[in-house]
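Let's see this in three dimensions:
(chains A and B)
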Amino acid sequence: MTAATTESPSHRPWLTPFNMAAGLIVVLGLVITARRFTLGLGTVTNLDDTNPWGLWVGFDLFCGVALAAGGYVTAAAVELFGMKRFHSALRPAILTGFLGYSLVCFALLYDVGRPWRLPYPFFVSQGVTSVMFEVGACVLLYLTVLFLEFSPTALEWLGLKRLRQVVVRLTLTLTVLGVVLSTLHQSSLGAMMLIAPSKLHPLWYSPFMPIFFFISSIAAGLSMVVFESTLSHRYYAHTMDEEHLRSRDQVTLGFGKASAMVLAGYFAIKLFGVALGNNWSLLATGWGLWFLVEMLGFVALPCFLFSVGVRDGNVTLIRGTALLTVIGIVVNRLNVSLLAFNWYLPLHERYIPNWQEIGVTVFVVTCGVLAFRFIVTRMPIFYEHPDYRVVH
Amino acid sequence: MSTSRRKFLGWMAAGASAALPTDLTAQHNHFTGYPDSYGVLHDTTLCIGCRSCEAACNEVNSLPEPDVPFDDDTVLAHKRRPDAGTFTVVNKYDIEAYSQTPVFRKTQCNHCLEPACASACFVGAFTKTAEGAVIYDSSLCVGCRYCIIACPFNIPAYEYDEPIEPRVMKCHMCHFRIVEGKLPGCVEACPMEALTFGKRDDLIAIARERIRKYPSRYIDHVYGEYEMGGTNWLYITGAPFEEVDMRTDLGVDPAPKMTSGALGMVPMVIGVWPVLLGGAFLMHRHLDRLAEQEKNEAVAEAVGRAQAEAEEKAKRASERAQQEKEQAVEKALKKAREEASKGGQVED
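As a prediction, the model looks like this:
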């Protein structure tokens, strides 16, 4: 993945501030990598026997999977629900999803004790009673699906027309498979904590966590598509074709409208969750306040702002709100996996990440950005390849 | 609550409660343990905090030398938990309200009847043996540490400083000794008989008998009989269990029950989604085709109408032309005739 820094087109200067920062992060990441695999998890993380999961699970896995949901959401909208007008958003969304899931798996190599055994649950000994087994199996299969969904882009770039034709014919099957697998693992990621009702704060623990995670992943996916398009437009507008640029505001408005509706539904079911657990009294505690910040500031507020943005046709507001929603999803996933986990323990028994854990997470995200840049500057992501133009 | 949850999840997927098989809600009777499985009864009223059990555990399991020797009881000043080099620890609790002397409580794996760790492990590295012990196979372990998340008693520990082959570490009730007919190391070493090894059913009877005989000495509860579905390690104590760091809010449902509902949904999602999504696809394709067809028909009709109009126009034009031509011919003939008759008159 570091190849991306060195292989940028030669006519442009490559010693830019961005490249230098990225290079520094990559070097630092490699140093921590070496420490992780020679000295063990104890040296580079603040994990302990009471807090066995840290940033690499809480952010890289829980947030990573949610934020990579744009692939299945957009593919379902365009390929299954007949929203062909969002076609230009599909390839960037698939790419973001594919890279997102690749990075989730990449980051897991750091977190698990014996990463070379990751195929064990499938080929050596199947622990089918584990929610983790379901998450693992679905993530692995979905990564394959995303690879195949992404491959036409790469095959167009490589000029392998016949092979591309074969993969394109699988589109419908792959899209349905993608939605099935995403439904399963997005929700089962929420089911992971079901086994620990005594450790997760009751405001976040709910038998409905799988449904909460699945519904919020749709909002996360929609918002990530808008957020990614905002960034891409700033830096890669020159690679976009006319159709992509023309349909951009339409995509923003459409996805903003969908986000508003999904967030409204999500807010409602979260409220039902509090009601069904009869946890109203907990809202008046410190943790309740934090829960309300999440619910009002990162669910209700973006829902309202999306609605206003759609009503007024204000794409700038929708773009800003998409970022707010993305942050909100991160807050929720970190709450469930880290912050509200072991909530009853005194601070000195709680987990606070080591700088090297943050370093690896930044390194992993940087790898993703570099891979994204490598691909969009070479392959037909923001434009249609002239040889494969189709009528929509 | 779990029944209604399962039902609700069923509705979510099947779209109708009628589609939910009754079997799914009928699994009320859970596993009550292997018959004649062994366990240990820990009577905290007999424990003097001598740490002989810790020393014996360390020895029979060849665990690393401790930082502080086992005969040094200064470690009891602060709370400890089992870790990667320690399967069991004794903690001291000063509870003035209940007793003049401190209460000592031993901590180790409770060996659940339906273990959370075994349920959570995605490679099945944990086994609940027929003898009662929950044992761990490091040759399968990937090191995801989900077992540590899952354990309600905070028991499994991890070798964080082992870069190549880190293991999860926890008490295994000296299973290898039990199958040889020996006692677990800690039980054998206890000088006070604060630990009693035996068949779980017998231990429950012994515990009840002690509570019955000395009601002022004990809280009327055998911890582990029902907690988390029941454990093979049992406790009786004089102080309330919360005071000796034993949670009483864990409930009686075994850990696997927490996730079985969600896992049961997997086949439903796999079965239902393709139908709904395929349906959505076909519906939209149908609508697209209808729109296309209507458009084509409208175009064809418009073209046809235009064509007919043009033909009509041309026909009328040609008719008019014909008429005009005939009129012109007639006019010319008439004129010729008139001129001819005029000419004749001149000649005459």
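
Pull up the residues of the stretch 251-392 of chain A that are close to chain B.
Residues of the stretch 251-392 of chain A lying near chain B by Cβ under 8 Å from any Cβ of the partner chain: residue A:341. Just so you know, the C-beta spots here come from the backbone N, C-alpha and C atoms, and that holds for glycine as well.

For the residue of the stretch 251-392 of chain A found nearest chain B, give me phi and psi.
Nearest to chain B, among the residues of the stretch 251-392 of chain A, is residue A:341, at 7.9 Å (Cβ to the nearest Cβ). When read as degrees, to the nearest 10, the backbone of residue A:341 gives phi -90, psi 130.

Count the residues that sit near the closest residue to chain B within the stretch 201-350 of chain A.
Nearest to chain B in the stretch 201-350 of chain A, going by Cβ to the nearest Cβ, is residue A:207, at a distance of 4.0 Å. Residues near residue A:207, counting by other Cβ atoms under 10 Å in any protein chain shown, number 22.

check contacts around whatever residue of the stretch 101-250 of chain A ends up closest to chain B.
Among all residues of the stretch 101-250 of chain A, residue A:113 sits closest to chain B, at 2.1 Å; criterion: Cβ to the nearest Cβ. Applying Cβ atoms under 8 Å, 6 or more residues apart in numbering or on different chains to residue A:113 gives the contacts A:41, B:141-145, B:158-159, B:162, B:166.

does it belong to a helix or a strand, and which?
Counting by DSSP states H and E, no helix or strand carries residue A:113.

per-residue pLDDT, it?
If you check residue A:113, the pLDDT there is 94.

With residue A:9 instead?
Among the per-residue scores, residue A:9 holds a pLDDT of 50.

where does the stretch 1-150 of chain B dip in pLDDT?
Flagging of the stretch 1-150 of chain B using pLDDT under 70 yields the residue ranges B:1-30.

Look at the closest residue to chain A within it and say how many residues are nearby.
Using Cβ to the nearest Cβ, the closest approach of the stretch 1-150 of chain B to chain A is made by residue B:143 at 2.1 Å. Number of residues near residue B:143 (other Cβ under 10 Å) recorded here: 22.

Distance check, the closest residue to it other than its chain neighbours against residue A:47.
Distance criterion Cβ to Cβ, 6 or more residues apart in numbering or on different chains; nearest residue to residue B:143, sequence neighbours excluded, is residue A:113 at 2.1 Å. According to Cβ to Cβ, to the nearest Å, residue A:113 and residue A:47 sit 11 Å apart.

Ok, residue A:79 next?
In terms of Cβ to Cβ, residue A:79 sits 41 Å off from residue A:47.

got the residues of the stretch 1-150 of chain A near chain B?
Residues of the stretch 1-150 of chain A lying near chain B (Cβ under 8 Å from any Cβ): A:36-43, A:45, A:47-50, A:52-53, A:76, A:79-82, A:111-115, A:117-118, A:120-121, A:124-127, A:129-134, A:136.

from those, which would you call buried?
Neighbour-count burial (16 or more other Cβ atoms under 10 Å in any protein chain shown) applied to those gives A:36, A:40-42, A:45, A:47-49, A:52-53, A:76, A:79-80, A:82, A:111-114, A:117-118, A:120-121, A:125, A:127, A:129-134, A:136.

dump the residue contacts of residue A:266.
Going by Cβ under 8 Å, 6+ apart, residue A:266 touches A:212, A:215-216, A:219, A:299.

Could you list the buried residues of the helix or strand where it lies?
Counting by DSSP H and E, the element that carries residue A:266 is helix A:248-276. Buried positions in helix A:248-276, judged by neighbour count with 16+ other Cβ under 10 Å: A:248, A:251-264, A:266-267, A:270, A:273-274, A:276.
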